[in-house]
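**Q** Here's a sequence, model it:
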Amino acid sequence: MPAAQNDLKTARELKKRVSEFTPLIDFRLFGSRARGDADEYSDMDIFMEFESVNRELKKRVKNAAWEMTLETGIVVTTLLFSRDEIENSALRSSPIIRVIMEEGVTV
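**A** Now for the predicted structure:
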């Protein structure tokens with residue numbers, strides 16, 4: 001069962017807000033909401049890839065996710081990675097990244 005339209009709408013809105021202050025390389029909904037087996041208490045897991053990640057970017061993304069949480073009542077959690085981390089570190093072969101790339105829904 002694919003991601004619910006409401007979940008995709010929320011993810012698209014978060015992507016739009018983040019895109020207003022920084023370029024994105026990749027943005028995916030993953031986890032139970034991407035698989036379509038979420039319940040009313042499930043959080044929304046979002047993967048984001050950027051050219052680079054710093055403290056200020058993390059803060060701004062966290063604030064945008066918190067705003068979406070307040071507006072929708074769905075807890076939005078984010079994973080942020082730089083292109084270098086995805087392509088050149090041990091992270092590229094980690095199970096979580098593999099699952100995100102296989103099951104995640106590109107937004």
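**Q** Excluding chain neighbours, what is closest to the residue sitting nearest the centre point of the chain?
**A** Geometric centre of the chain, nearest residue: residue 46, 1.7 Å, by C-alpha atoms, centre = their mean. Of all residues not flanking residue 46 in the chain, residue 78 sits nearest, at 4.8 Å (C-beta to C-beta, 6 or more residues apart in numbering). To be clear about C-beta, it is placed using only N, CA and C from the backbone, and glycine gets the same treatment.
**Q** What's the local residue count around residue 70?
**A** By the measure other C-beta atoms under 10 Å, the count of residues near residue 70 is 9.
**Q** Distance check, it against residue 99.
**A** The gap separating residue 70 from residue 99 is 28 Å, by C-beta to C-beta, to the nearest Å.
**Q** One more: residue 45?
**A** For residue 45, the distance to residue 99 - C-beta to C-beta - is 10 Å.
**Q** and for the two, which residues touch both?
**A** residue 30 (C-beta atoms under 8 Å, 6 or more residues apart in numbering).
**Q** helices or strands up against the lengthiest helix in the chain?
**A** Secondary structure of the chain per DSSP state H: the longest helix is helix 55-72. Secondary-structure packing of helix 55-72 (3 or more C-beta pairs under 8 Å, 6 or more residues apart in numbering; DSSP states H and E): helix 5-19, strand 44-50, strand 76-82.
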